[in-house]
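> What shape does this take:
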Amino acid sequence: MNAARLALFGCGAVLMGALAAKANAGNALLASPIYGVTIPEGYRSWQLIAPAQEAPPLDELRATLGNRIAIRAYEKGKLPFPDGTVLVKLAWKHTPSPEFAPASIPGAATTVQVMVKDSKRYAATGGWGFGRFVNGKPVDEAQHQTCWSCHQSRASAHDFVFTRYAP
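Okay, here's the model as predicted:
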């Protein structure tokens with residue numbers, strides 16, 4: 001390689017490195033504190049695991065979606081969930097339907113909550129990493145510090161997952 005090509009290649013490598021660093025910094029802003037979990041691309045097309053209704057004071061309608069690994073584990077009743085399982089819970093304010101008073105519909109979106117199973121990376125938290133997002137941005141570290149203790153104390157018999165499969 002001649003000197004001109006080598007210099008051009010070197011500049012290109014530096015530019016690519018700078019762009020990668022900038023992209024990683026942007027992703028870090030979208031990752032949950034403590035766990036580094038992000039909202040997965042394409043999650044809205046994932047299969048429904050189950051709906052739920054949260055009582056007051058939250059008064060929310062929720063739906064949990066899962067990636068293919070999660071769905072297979074649920075279908076087979078496999079616990080613990082395998083590494084690579086990703087669960088996404090969507091939540092909306094509970095709102096009466098304007099067309100049919102006894103029915104409820106989703107109102108304003110409140111949170112997107114994500115659980116990622118990686119038994120090595122998250123060994124200290126039962127193999128799970130957590131992310132809670134409002135308007136696409138992670139909530140603060142104090143809120144993320146409550147994830148593991150809640151799942152540990154209330155869902156330990158089901159690999160720390162609250163949601164049950166609704167076939």
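> Would you map the strands across this protein?
Shown for the chain, the strands assigned by DSSP state E span residues 47-54, 60-66, 86-96, 104-117, 128-134, 137-138.
> Quick check: Gly77 vs His158, distance?
Between Gly77 and His158 the computed distance is 11 Å (Cβ to Cβ, to the nearest Å). Quick note: C-beta positions are derived from backbone N, CA and C, even for glycine.
> Who has more neighbours out of these two?
Just comparing Gly77 and His158: by other Cβ atoms under 10 Å the higher neighbour count belongs to His158, 14 against 7.
> any idea how far the nearest residue to the more buried one once chain neighbours are set aside is from Leu30?
The shortest distance from His158 to any non-neighbouring residue, by Cβ to Cβ, 6 or more residues apart in numbering, is to Leu79 (6.7 Å). From Leu79 across to Leu30, the span is 30 Å (Cβ to Cβ).
> Show me what Ala91 is bridged to.
Per DSSP bridges, the residues bridged to Ala91 are Arg62, Thr111.
> Nearest to the spatial middle of this protein, which residue is it?
Val114 (1.9 Å; Cα atoms, centre = their mean).
> Ile71 reaches Ile49, doesn't it?
Yes. Under the criterion of Cβ atoms under 8 Å, Ile71 makes contact with Ile49 at 7.3 Å.
> the more surrounded of these two?
For Ile71 and Ile49, the more surrounded residue by other Cβ under 10 Å is Ile49, and the numbers stand at 22 against 17.
> In contact with the more buried one, which residues are there?
Shown in contact with Ile49 (Cβ atoms under 8 Å, 6 or more residues apart in numbering): 64-66, 70-71, 74, 87, 163, 165-166.
> This completes my enquiry, with thanks.
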